[in-house]
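>>> requesting a structural model of the entry that follows:
(chains A and B)
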2 protein chains.
Amino acid sequence: MYQDHTITEIDDFLTKSQAAFHQYKNFSLKQRAGFMRTIAVELEALGEELIGIAHEETHLSEKRLYAERKRAIFQLNSYADAAEQGNWLEARIDIGNNDTNLPKPDLRKMLMPLGPVVVFGASNFPFAYSTAGGDTACAFAAGCPVIVKAHPAHVKTSTLVARAIFSALEKCKMPEGIFAHIYGADFKIGEYLVKHDIVKAVGFTGSYAAGRSLFDLANQRKTPIPVFAEMGSVNPVFLLPDKLGIDHEWIAEQMSRSISQDMGQFCTNPGLMIAVKGDALNLYIKQLVQNIKEVESAKMLHKGIAKNFNENREKAIAQDDVEVIYESEIKADDEKGIVTIATVLGKSFLNNHQLHEEVFGPYSLLVICEDEKELLAVAESLEGQLTTTLMATPSDITHHSQLLNILREKCGRFVLNGVPTGVEVALAMHHGGSFPSSTDSRFTAVGADGIKRFARPLSFQNWDDEFLPDELKNENPLNIWRTVNNELTKDTIS
Amino acid sequence: MYQDHTITEIDDFLTKSQAAFHQYKNFSLKQRAGFMRTIAVELEALGEELIGIAHEETHLSEKRLYAERKRAIFQLNSYADAAEQGNWLEARIDIGNNDTNLPKPDLRKMLMPLGPVVVFGASNFPFAYSTAGGDTACAFAAGCPVIVKAHPAHVKTSTLVARAIFSALEKCKMPEGIFAHIYGADFKIGEYLVKHDIVKAVGFTGSYAAGRSLFDLANQRKTPIPVFAEMGSVNPVFLLPDKLGIDHEWIAEQMSRSISQDMGQFCTNPGLMIAVKGDALNLYIKQLVQNIKEVESAKMLHKGIAKNFNENREKAIAQDDVEVIYESEIKADDEKGIVTIATVLGKSFLNNHQLHEEVFGPYSLLVICEDEKELLAVAESLEGQLTTTLMATPSDITHHSQLLNILREKCGRFVLNGVPTGVEVALAMHHGGSFPSSTDSRFTAVGADGIKRFARPLSFQNWDDEFLPDELKNENPLNIWRTVNNELTKDTIS
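Take a look at the predicted model:
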């Protein structure tokens, strides 16, 4: 059971996917949205059984899993709404004319689906960023068929979720090739999919090593394709002096929860804190350690992740000058991880790239800077991040304009007085920081703008109204927003 | 004079560019637009001198050069208008709340500049797609400094245009690092620029070989950056039977002009025509040859291009089964090219990939298909194209839905009963087809949407109004369109 598919079987899936694309791309926005909403219903209908199996496979609590399924359902429904609303299409019309002096062609442009999309799900989000997760929902919304490679760490969960999608396909009378669910524990299968000529884009959530390798494969193709790999980051949190002086307890409360929640297994986990030394910082450290002591150690997602965490943790705390200020008493076994807080001096951090690397799990490193100048140097030294967070009062902000200027360039989301974990599903969300946190900082993996990852513009020049897609017809039958002669409007064109 | 810059000099330019970025990115849209409009004025002010020098360097007619400068000026002004209008920013706001049941963070997102951009100009557009051309204008609009590598084939022209930009910098009191003009005839200099850590994006117009090589270099960086390379294509024109029967004279008139204008030196030159054999096609061929005879052979842009054209032409017409039905009498010298029309049978075209390759210059190949089935096979066999054109009546369109379905996937612009040359500068233009016609089918090199090539979204979470960029403040002081809680509006937020 769950045996890897053969190349012959995979070729067959892809051929069907290609054929289905030519049908599905011509389905209306309404039809696509209806299909997505049906998947949401079917996902809900899997009930307790799905939660039980996912709990068994991932060790995530049932409470968390119920919440995550709700999130996946919300994504499907809200991206369906966005797809139907049509703003993502970026419909633009420049009306032509036959003036003899300055004739202008009629140009009408909108986003069109790229083609079959391969999705590699995330081990830490078995529902919201896996089989029927954000990437799949965005691709369906854009008009692309999806080929999911089931995550080997939750293959039963994935199979059950796939069943919900197949059932929705049937209920909506969609061509079967719109969705394929492939078993491929062997990396070669992922490689084969990314290199396949039929595949036109890839969504991936996972480690830097795997994401970069898919990105490289895709770019080396004869016809390169986009890979949207969300690869995680250390999500630095800067604790500024005025705020630290006033609010160290509140910050410690927020941070201890953010570091340890679900064993820190989030790509937005705050793995790095940075502050200038001082009494307020000492009080913060004390409070943070006290809070984090209350965290119960729990099983990590799977043995591979636990092993990586404990190894990376060991490596990190073995670096020169790193001091462990708290570690949970539970000794590492092959399933649990040791909750850890460590400190290091700014100058050591600046001289040791190893300390800039993510330790995926319940670990956070506090960089203690000598002064503001060193704090700036640390900020400047950081790689691209999904998020950057400031704990700061208005006065801190006013006095740190250079820091803000630097940090803005390092991240995709800039949080003030909050924590980076908890990625809201909203249009104004951007979840896609600069490399290496993601492969393409221009696109988001969360929120309805993620639909645009799987589309490209096509201009129609001088087409008769009757042959244009509904989205671009004079009458605006779908009543969508369009930019007509450079102005946004829902008006019809006479 | 015009000696290649040294690495030390280039490093100095780039360091200044990086410093200028942190200033320029914070300049208002109005300031950026003002700067761009000043460049337009300065470009115009170069007067006849510029036209004379460009004519000397490129052999393009003065009439064409005047028109092209006008285009470049229009681009600068219209992209300035678009920049200021602010729709390109994709401002989105999801207002937060502190409900105890379902608290939501406040999220506000807009596009932000990527950083210093390197521009490689086009030899065939010394004004509109070179030093102060579309890529430069888009990067300035987005808030990015620009480093232009002067095209060796029109280095004097480039130097003069750069002078206009420097003069605008001074008049607008902009930091000098916003623009740099680098001499680098040696390919290694281009390579050095693309690999440099300070450089965050690349705009390029030219050959597939050079574009692909820059794309590969950029993707192999430790932190890959986007390369927007517009590499040309054969721009297939499908002549459908009903239209051919009715309108062969009109089609021949359009096509002969499109093939030969400015010695066919356009990336949208129709290098391929496809039709089913028959009497109407024979009449078309006769008419096309008759029209094209009237074209006077002229010097090509430079000796390198003339040499490439004549070699590629020789190679193309030496392929099995290719028949030259017209070539201009002027023998090839080292500056002129032989205007050529050739034919080949559909089955030979299908079996010979060489015939799918662009012959940049006044050359077009007519593929004569046995029947509709072969026509479809030819369509299916095509690589990605900047444009695809249909010569078709409504009845043709109705009877060729499968062909339309295929062609839509092959191009960035789909022209009906027109010619692919003449790329209108308009928001609804898309000039960026599927690979290999461009490296990124999702972005356009022409029209104000090209600004988005040099920007990425940034989300602000929970920031106080006073510290947000004006674009995202509650009051909407710039009066731009924003998507607030999923609805497009110019309203203020109370």
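
>>> per-residue pLDDT, A:Asp295?
Just so we're on the same page, residue A:295 is Val rather than Asp. We have a pLDDT of 86 for A:Val295.

>>> now swap in A:Pro103 and tell me
With respect to pLDDT, A:Pro103 has a value of 87.

>>> return the residues in contact with it.
A:96-97 (Cβ atoms under 8 Å, 6 or more residues apart in numbering or on different chains). C-beta coordinates here come from the backbone N, C-alpha and C atoms, glycine included.

>>> now with 10 Å, please.
A:96-97, B:422 (Cβ atoms under 10 Å, 6 or more residues apart in numbering or on different chains).

>>> among the residues you listed, which ones are buried?
When these are checked for burial by 16 or more other Cβ atoms under 10 Å in any protein chain shown, the buried set is A:Gly96.

>>> show me the contacts of A:Pro103 that map onto strands.
Judged by DSSP state E, the subset of the contacts of A:Pro103 located in strands is empty.

>>> mind putting the contacts of A:Pro103 in JSON lines, pLDDT included?
Shown next, in JSON lines, are the contacts of A:Pro103 (pLDDT from 0 to 100):
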{"residue": "A:Gly96", "pLDDT": "95"}
{"residue": "A:Asn97", "pLDDT": "91"}
{"residue": "B:Gly422", "pLDDT": "93"}
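
>>> just checking, A:Leu14 touches A:His196?
Yes: with contact defined as Cβ atoms under 10 Å, A:Leu14 reaches A:His196; the gap is 5.8 Å.

>>> is stretch A:144-159 positioned near chain B?
No: using Cβ under 10 Å from any Cβ of the partner chain, stretch A:144-159 never reaches chain B; the gap is at least 11.9 Å.

>>> pLDDT of that stretch, averaged?
So the average pLDDT for stretch A:144-159 ends up being 97.

>>> any weak-confidence spans in the stretch 301-450 of chain A?
Of all residues in the stretch 301-450 of chain A, those with pLDDT under 70 make up the ranges A:331-332.

>>> need the strands for it, in chain order.
A:323-327, A:340-345, A:363-369, A:385-391, A:411-416 (DSSP state E, counting those that start in this stretch).

>>> helix or strand for A:Val155, which one?
Assigning secondary structure by DSSP states H and E places A:Val155 in helix A:155-171.

>>> just after that helix, pick out the following helix or strand.
With elements assigned by DSSP H and E, the helix or strand that comes after helix A:155-171 is strand A:179-182.

>>> quick one on the thing from earlier: looking at A:Leu14 and A:His196, which one has more neighbours?
A:Leu14 (23 against 19; other Cβ atoms under 10 Å in any protein chain shown).

>>> my read is the more buried one is in a helix, agree?
Yes: under DSSP: H, G, I helix; E, B strand; the rest coil, A:Leu14 sits within a helix.

>>> OK, contacts around it?
Shown in contact with A:Leu14 (Cβ under 10 Å, 6+ apart): A:116, A:118, A:145, A:147, A:177, A:180, A:182, A:192-193, A:196-199.

>>> what's the answer for A:Ile397, then?
A:240, A:242-243, A:390, A:403-404, A:416, B:463-464, B:466-467.

>>> now with 7 Å, please.
A:404, B:467 (Cβ atoms under 7 Å, 6 or more residues apart in numbering or on different chains).

>>> what secondary structure does A:Tyr2 sit in?
coil.

>>> number of residues surrounding the nearest residue to it once chain neighbours are set aside?
Closest residue to A:Tyr2 apart from its sequence neighbours, by Cβ to Cβ, 6 or more residues apart in numbering or on different chains: A:Val155 at 4.8 Å. The tally of other residues near A:Val155 (other Cβ under 10 Å) stands at 16.

>>> same deal with A:Ala83?
25.

>>> looking at chain A, which residue reaches furthest from the middle?
Residue farthest from the centre of chain A, counting by Cα atoms, centre = their mean, is A:Thr100 at 51.6 Å.

>>> now do the SS call for that residue.
A:Thr100 ends up coil, using three-state DSSP.

>>> what sits up against the longest helix anywhere in chain A?
Longest helix of chain A, by residue count under DSSP state H: helix A:62-85. Under the contact criterion Cβ under 7 Å, 6+ apart, helix A:62-85 has outside partners A:29-30, A:32-33, A:36-37, A:39-40, A:43-44, A:51, A:54-55, A:88, A:125, A:127-128, A:132-134, A:137-138, A:141, A:262, A:425, A:448, A:451.

>>> with stretch A:244-262 instead?
A:60, A:64, A:237, A:239, A:269-270, A:273, A:275, A:280-281, A:283-284, A:287-288, A:291-292, A:295, A:339, A:362, A:364, A:391, A:393, A:419-421.

>>> flag every buried residue along it.
Buried, per 16+ other Cβ under 10 Å, within stretch A:244-262: A:244-245, A:247-248, A:251-252, A:254-262.

>>> buried set for stretch A:42-51?
A:42-43, A:46, A:50-51.

>>> now swap in stretch A:189-208 and tell me
Quick answer for stretch A:189-208 (16+ other Cβ under 10 Å): A:189-190, A:192-194, A:196, A:198-208.

>>> tell me the gap between that stretch and the middle of its chain.
Centre-to-centre, stretch A:189-208 and its host chain are 16 Å apart (Cα atoms, centre = their mean, to the nearest Å).

>>> before we move on, the earlier item: which PyMOL command selects the buried ones in the contacts of helix A:62-85?
Remark: buried members of those, expressed as a PyMOL selection using 16+ other Cβ under 10 Å:
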select buried, chain A and resi 29+32+33+36+37+39+40+43+51+54+55+88+125+127+128+132+133+134+137+138+141+262+425+448+451
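
>>> just the ones in strands from the contacts of helix A:62-85, please.
In this view, the contacts of helix A:62-85 have no member that belongs to strands under DSSP E.

>>> what strand or helix carries the closest residue to A:Val419 other than its chain neighbours?
With sequence-adjacent residues excluded and distances taken as Cβ to Cβ, 6+ apart, A:Val419 is closest to A:Ser258, at 3.7 Å. Assigning secondary structure by DSSP H and E places A:Ser258 in helix A:241-260.

>>> angle of that helix against strand A:323-327?
60 degrees (axes from the mean of the first three to the mean of the last three Cα atoms, to 10 degrees).

>>> ok so, going back, mind putting the strands of the stretch 301-450 of chain A into JSON lines with distance to A:Lys109?
Shown next, in JSON lines, are those (distance: least, Cβ to Cβ, whole Å):
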{"stretch": "strand A:323-327", "distance to A:Lys109": "56"}
{"stretch": "strand A:340-345", "distance to A:Lys109": "52"}
{"stretch": "strand A:363-369", "distance to A:Lys109": "46"}
{"stretch": "strand A:385-391", "distance to A:Lys109": "31"}
{"stretch": "strand A:411-416", "distance to A:Lys109": "27"}
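
>>> return the most buried member of those.
strand A:385-391 (a mean of 27; mean count of other Cβ atoms under 10 Å in any protein chain shown).

>>> sorry, back to before: show me which positions of the helix holding A:Val155 end up buried.
A:155-169.

>>> look up how far A:Asp440 lies from A:Ala229.
Distance check for A:Ala229 against A:Asp440: by Cβ to Cβ, to the nearest Å, it reads 8 Å.

>>> pick out whichever of these two has more residues nearby.
Legend: neighbour count by other Cβ under 10 Å for A:Ala229 and A:Asp440, higher for A:Ala229 (29 against 21).

>>> gap between the more buried one and chain B?
11 Å (Cβ to the nearest Cβ, to the nearest Å).

>>> the residue sitting nearest the centre point of chain A: what's it in contact with?
Nearest to the mean C-alpha position of chain A, by Cα atoms, centre = their mean, lies A:Ala445 at 3.7 Å. Counting by Cβ under 7 Å, 6+ apart, A:Ala445 touches A:134, A:205, A:228, A:230, A:431-432.

>>> what distance do you get for the residue nearest to A:Tyr2 to A:Ala164?
As judged by Cβ to Cβ, A:Val155 and A:Ala164 stand 15 Å apart.

>>> A:Asn26 now?
A:Asn26 sits 25 Å away from A:Ala164, going by Cβ to Cβ.
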